[in-house]
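> Got a sequence here, can you model it:
(one chain, ligands or ions: 1)
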Amino acid sequence: MTRKHLLSSADLSRDEVDSILDTAASMHDVQRREVKKLPTLRGRTVINLFFEDSTRTRSSFEIAGKWMSADTINITGKGSSTSKGESLRDTVMTICAMSVDALVIRHSASGACHQVAQWVDASVINAGDGTHEHPTQALLDAYTLRQRLGSLEGRHIVIVGDLAHSRVFRSNVITLGRLGARVTVVAPPTLMPSGIGDWAARDGFATSWDLDQTLYAASPADRPDAVMMLRVQRERMSGGFFPTEREYTTGYGLTRERLARLYAATPDLPILHPGPMNRGLEISAEAADATSSAILDQVSAGVAVRMAVLYHLLAGETEAAA
Ligand code: NCD
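Model (predicted):
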């Protein structure tokens, strides 16, 4: 794979997704060793430039770079000169003047990473741009699902929540589609992105406003093989998208009652959430901490998958040439 940037999940062909997930499996083995250092990216510099808050994504990119012996540096919007009014272009040009090899960027503006990729020579990795995409999250979700379910061909994955504001959902429908999964996305009408009908027809996923009908479909073949809950993104909401939190939970939350009914049919149903969770809103504590919950597996997979992405973008070409 000789790709320079990872900006959108649509950049990756099925073969490339498979290849990254296979590399991630080898990286996951490294993660279980006592000494977790590989020399692969020795002498390379990776800058994590985060203009939005993050726990999982930022720390996993940092750990991934460190375990591969890259020099990794974290810069956050609040602690950088952007808080003094410096433009995004000036910030990235300044950083790249220090000869960095990769920029991992999270920004509140959709399209920010595509723009940066036009300005700099370094590899750019999209770690979440506004409500647009989050391709490494989709890869780690696919990795986690593959660990639980084996091949995703024909498997039915149900994604539930604040679709309007979710970059995780946008990347997931692409990557899961590449791997042959059937995807149904569920949200209240106010949290469905506008124009989703055309988009669903083009990318081959289904949409629903009715969570219970989706979860407990009459035909066993239509029932979910995994359920992914998404966070209600209050920080991106400008008005009232649902009447009360209680109503949201009643209609769209993975409550204790819904979990019990799901478990009656499929006791090992994988439950995913990219985090951070609003416990008690979109997901109950019982579901988050259930024995079949894959939420911490997703976090663990995040490091392996980001190692694999850094490897393919930064080391792949050199190794292939060697
Ligand atoms: C997601 C994000 O930032 O897009 N979280 C993550 O990367 N782990 C989802 C979210 O914030 O709800």
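
> how about the most centrally placed residue in the chain, secondary structure?
Residue closest to the average C-alpha location in the chain (Cα atoms, centre = their mean): residue 137, at 1.7 Å. Following DSSP: H, G, I helix; E, B strand; the rest coil, we place residue 137 in the helix state.

> ok, it - contacts?
57, 128, 167-168, 171-172, 274, 302 (Cβ atoms under 8 Å, 6 or more residues apart in numbering). (Each C-beta comes from the backbone N, C-alpha and C, glycine too.)

> among those residues, which are in reach of the ligand?
57, 128, 167-168, 274 (Cβ under 6 Å from any ligand atom).

> Among those residues, which lie within helices?
Among those, the ones falling in helices (DSSP state H) are 57, 167-168.

> can you tell me the distance between the two ends of stretch 228-240?
24 Å (Cα to Cα, to the nearest Å).

> if you average pLDDT over it, what comes out?
Averaged over stretch 228-240, pLDDT sits at 87.

> Equivalent analysis for stretch 104-111, please.
Stretch 104-111 comes out at a mean pLDDT of 97.

> Now tell me what touches that stretch from outside.
Applying Cβ under 8 Å, 6+ apart, the set of residues contacting stretch 104-111 is 46-52, 54, 57-58, 61, 88, 92, 112-113, 116, 124-132, 167.

> Keep only those of those residues that are in strands.
46-50, 124-129 (DSSP state E).

> and which of these is nearest to residue 259?
Nearest to residue 259, judged by Cβ to Cβ, of the ones in strands among the contacts of stretch 104-111 is residue 128 at 28.2 Å.

> Residue 167 is in contact with that closest one, correct?
Yes: checked against Cβ atoms under 8 Å, the pair residue 128 and residue 167 is within contact range at 5.5 Å.

> Pretty sure residue 16 sits in a helix.
Yes: counting by three-state DSSP, residue 16 is part of a helix.

> Touching, it and residue 6? I think so.
No: using Cβ under 8 Å, residue 16 is not in contact with residue 6; the gap is 9.6 Å.

> Those two - which one has more neighbours?
Each of residue 16 and residue 6 has its neighbours counted (other Cβ atoms under 10 Å); residue 6 has more, 27 against 15.
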